[in-house]
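Novice: below are the sequence and a predicted model for it; my questions follow.
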Amino acid sequence: PQLQHFIEIESQKQRFQQLVHQMTEVCWEKCMDKPGPKLDSRTEVCFVNCVERFIDTSQFILNRLEQTQRSRGSFSETMSD
Amino acid sequence: PQLQHFIEIESQKQRFQQLVHQMTEVCWEKCMDKPGPKLDSRTEVCFVNCVERFIDTSQFILNRLEQTQRSRGSFSETMSD
Amino acid sequence: PQLQHFIEIESQKQRFQQLVHQMTEVCWEKCMDKPGPKLDSRTEVCFVNCVERFIDTSQFILNRLEQTQRSRGSFSETMSD
Amino acid sequence: QVKVQIAVANAQELLQRMTDKCFKKCIGKPGSSLDNSEQKCIAMCMDRYMDAWNTVSRAYNSRLQRERARI
Amino acid sequence: QVKVQIAVANAQELLQRMTDKCFKKCIGKPGSSLDNSEQKCIAMCMDRYMDAWNTVSRAYNSRLQRERARI
Amino acid sequence: QVKVQIAVANAQELLQRMTDKCFKKCIGKPGSSLDNSEQKCIAMCMDRYMDAWNTVSRAYNSRLQRERARI
């Protein structure tokens, strides 16, 4: 069980890091015009907001998808056929 | 043999789904300007044509590549060295 | 040991090919405006320079990263936590 | 079991690509909250992305069927 | 056998990237067939992509050789 | 050992994405050498990309913590 716990923790970290890489890339395109000599505070705020909004978007989509599935149930059929 | 058959079918489905994801993304860029309240018929036709032309392009390239290989045989050398 | 040697050589080739695919795509965007009936010499020079500069950039970044790590050591902590 | 795993993997891939596309289309400069117009845009974008996915899936399927019939 | 598998995987990767690039470059709004000018464009695009692939492969190889010689 | 492997994989992924982004941002038409202004641009781009990575990592972490606290 200790090994299993270790593996679980490590793969959680791995998913965390993967999402950090992905969001860094998406937010880099949204927030960074021209890399300057310092990360100015406006750009930093943009990055923080970008992360928050990206997660909001992801949760919004997930919630709405679940609601739609419950009422229609059509998508899961499409996916498994 | 039944298990093998099952695996084969499932991995075929998997390739099918993977190409659906890829073509949805490519055709989304070609056909969807601004998502509206409905998928209008012009956009739907664009998606259908986009799938057909994407497969045409893929087959055209594959056929032409095979012809070139038969006459020259240079590419497979480059790839295996 | 022979098998091991074989596997090593093959996975080196694999990394080589993977980087060739990646650089072909990056340099295609930088150097190829409109595909013409021949690869003109200016475009060919652009591709060669593009490969050289891409590797320069990669080495420049790697060297600078190593120097920064040695003096600060902050990044590796961030990555392993 | 394998079927369920594949379906989950597909749903996750769809979710990820959809989030990426709709975030890029609907969020200009990210603000301090997801405002109403952004939420509406994301909802529409989702529905259209699902439509697109289904249309592509059907079109590809019918193409495969036509090619099988030709042989 | 392993060599063949790797060669096949590489050819598939090349084919996929080439299809993607040339479809994007040559097909504006997808019409009801692949017309003549689109086919010509794809054929040229393919040949140039192969040229590019070979040029990149050679340039990378010669760079590796120069670096090995330096050590 | 596993930890080290994961850290190496993450560093490689960061390095690859950073090289890609900074090459695209700093190199216009590739010339016969990496000139001084290009080197300066790459150095700044690297530092900003690292800042961005760290900022994103912290923001994501604090979001996770807030969500756990809510439950």
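Specialist: Sure thing, it's come through.

Novice: all contacts plus neighbour counts: C-alpha atoms, from now on.
Specialist: Noted.

Novice: quick one: residues contacting residue A:43.
Specialist: Shown in contact with residue A:43 (Cα atoms under 8 Å, 6 or more residues apart in numbering or on different chains): A:31-32.

Novice: may I have the secondary structure class of it?
Specialist: Judged by DSSP: H, G, I helix; E, B strand; the rest coil, the three-state class of residue A:43 is helix.

Novice: got it, and residue D:59?
Specialist: At residue D:59 the chain is in helix, as set by three-state DSSP.

Novice: any idea how far chain B is from it?
Specialist: Going from residue D:59 to chain B by Cα to the nearest Cα, to the nearest Å gives 6 Å.

Novice: ditto for residue A:42
Specialist: From residue A:42 to chain B the distance is 29 Å (Cα to the nearest Cα).

Novice: and the residue nearest to residue A:25 when sequence neighbours are not counted, how close does it get to chain B?
Specialist: Spatial nearest neighbour of residue A:25, excluding adjacent residues (Cα to Cα, 6 or more residues apart in numbering or on different chains): residue F:17 at 7.9 Å. As judged by Cα to the nearest Cα, residue F:17 and chain B stand 21 Å apart.

Novice: likewise for residue A:67?
Specialist: 18 Å.

Novice: which strand or helix spans that residue?
Specialist: Assigned by DSSP states H and E, residue A:67 belongs to helix A:41-71.

Novice: repeat for residue D:53
Specialist: Assessed by DSSP H and E, residue D:53 sits inside helix D:36-70.

Novice: next, count neighbours for residue A:57.
Specialist: When neighbours are defined as other Cα atoms under 10 Å in any protein chain shown, residue A:57 has 23 of them.

Novice: need the helix or strand of chain D with the lowest average pLDDT.
Specialist: Least confident helix or strand, chain D: helix D:2-26 with a mean of 89, by mean pLDDT, DSSP states H and E.

Novice: show me what it packs onto, helices and strands only.
Specialist: helix A:41-71, helix A:74-80, helix B:2-31, helix D:36-70 (3 or more Cα pairs under 8 Å, 6 or more residues apart in numbering or on different chains; DSSP states H and E).

Novice: for it, buried residues please.
Specialist: For helix D:2-26, a neighbour-count test (16 or more other Cα atoms under 10 Å in any protein chain shown) marks D:6-7, D:10, D:14-15, D:17-26 as buried.

Novice: returning to what we had before: say whether chain E is contacted by the helix holding residue D:53.
Specialist: No: Helix D:36-70 is not in contact with chain E by Cα under 8 Å from any Cα of the partner chain; minimum separation 13.2 Å.

Novice: whether that helix contacts chain A - can you check?
Specialist: Yes: using Cα under 8 Å from any Cα, helix D:36-70 reaches chain A at D:42-43, D:46, D:54.

Novice: quick revisit: lowest-confidence stretch among the helices and strands packed on helix D:2-26?
Specialist: For the helices and strands packed on helix D:2-26, mean pLDDT drops lowest on helix A:74-80, to a mean of 48.

Novice: surely residue A:61 touches residue D:19?
Specialist: Yes: shown here, residue A:61 and residue D:19 form a contact pair, counting by Cα atoms under 8 Å, at 7.2 Å.

Novice: buried residues in stretch A:8-26?
Specialist: Neighbour-count burial for stretch A:8-26 [16+ other Cα under 10 Å]: A:13-14, A:17, A:20-21, A:23-26.

Novice: from these, which two are the most distant?
Specialist: The span of these, defined through Cα to Cα, is set by A:13 and A:26 at 20.0 Å.

Novice: circling back to that earlier point, a markdown table please, covering the helices and strands packed on helix D:2-26 and showing distance to residue A:33.
Specialist: Output for the helices and strands packed on helix D:2-26, formatted as a markdown table (distance: least, Cα to Cα, whole Å):
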| stretch | distance to residue A:33 |
| --- | --- |
| helix A:41-71 | 9 |
| helix A:74-80 | 39 |
| helix B:2-31 | 23 |
| helix D:36-70 | 23 |
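
Novice: ok, which of those comes nearest residue E:50?
Specialist: Of all those, helix B:2-31 comes closest under Cα to Cα, at 21.8 Å.

Novice: angle of that closest one against helix D:2-26?
Specialist: Relative orientation of helix B:2-31 with respect to helix D:2-26: 10 degrees, computed using axes from the mean of the first three to the mean of the last three Cα atoms, to 10 degrees.

Novice: and helix B:2-31, how far from the chain's centre?
Specialist: With Cα atoms, centre = their mean, to the nearest Å as the basis, helix B:2-31 stands 9 Å off its chain's centre.

Novice: next: stretch A:29-44.
Specialist: Relative to the mean C-alpha coordinate of its chain, stretch A:29-44 is positioned 21 Å out (Cα atoms, centre = their mean).

Novice: now stretch D:35-45
Specialist: The chain centroid and the centroid of stretch D:35-45 are separated by 16 Å under Cα atoms, centre = their mean.

Novice: which parts of it are buried?
Specialist: Across stretch D:35-45, burial judged by 16+ other Cα under 10 Å covers D:38-39, D:41-45.

Novice: looking at the residues you listed, which is nearest residue D:59?
Specialist: For the buried residues of stretch D:35-45, the closest approach to residue D:59 (Cα to Cα) belongs to residue D:45, at 20.6 Å.

Novice: wait, isn't the closest one in contact with residue B:33?
Specialist: No: counting by Cα under 8 Å, residue D:45 does not reach residue B:33; the two are 10.8 Å apart.

Novice: if I look at residue D:25, how far off is residue C:36?
Specialist: Distance from residue D:25 to residue C:36, counting by Cα to Cα, to the nearest Å: 33 Å.

Novice: revised request: answer the last question for residue D:55.
Specialist: Relative to residue C:36, residue D:55 is positioned 35 Å away (criterion: Cα to Cα).

Novice: so which of those two has more stuff around it?
Specialist: Taking other Cα under 10 Å, residue D:55 and residue C:36 do not tie; residue D:55 has more neighbours (19 against 13).

Novice: OK, contacts around that one?
Specialist: Residue D:55 neighbours (Cα under 8 Å, 6+ apart): B:44, B:47-48.
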